[in-house]
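Engineer: next input, structure requested:
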Amino acid sequence: MLDKIALVLVIIGALNWGSIGIFQFDVVAWLFGGQGAMFSRVIYTLVALAGVWAISLLFHDSARREIHE
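Structural biologist: A predicted model of the protein is given here:
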């Protein structure tokens, strides 16, 4: 379950970065009152933590395969 939540947050972050790169438009800041708004900062922090968690997903599947082999 935690993996799926992390994946959703990483996708949200990727889409937000894509909108910044392509359109120079920060969706999170727009939705939650600017980059400095507390809720925006919480979202940015959760996305960052999800990105760190997603690093473990790179090795998660291969570890499962090794156990089953």
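
Engineer: so how far is Val42 from the residue nearest to the spatial centre of the chain?
Structural biologist: Central residue of the chain (CA atoms, centre = their mean): Val10, 2.2 Å from the mean position. According to CB to CB, to the nearest Å, Val10 and Val42 sit 16 Å apart. In this view, the C-beta of every residue, glycine as well, is placed from N, C-alpha and C.

Engineer: so where's this structure uncertain?
Structural biologist: Under the criterion pLDDT under 70, the flagged ranges of the chain are 61-69.

Engineer: quick one: residues contacting Ser40.
Structural biologist: By CB atoms under 8 Å, 6 or more residues apart in numbering, the residues touching Ser40 are 28-29, 31-34.

Engineer: neighbour-wise, which of those residues leads?
Structural biologist: Sorting the contacts of Ser40 by how many neighbours each has (other CB atoms under 10 Å) puts Val28 first, at 23 neighbours.

Engineer: could you say what helices and strands the helix or strand harbouring that residue packs with?
Structural biologist: Using DSSP states H and E, Val28 maps to helix 27-32. Helix 27-32 sits against helix 2-23, helix 38-68, with contacts defined as 3 or more CB pairs under 8 Å, 6 or more residues apart in numbering; DSSP states H and E.

Engineer: with that, I have no additional questions.
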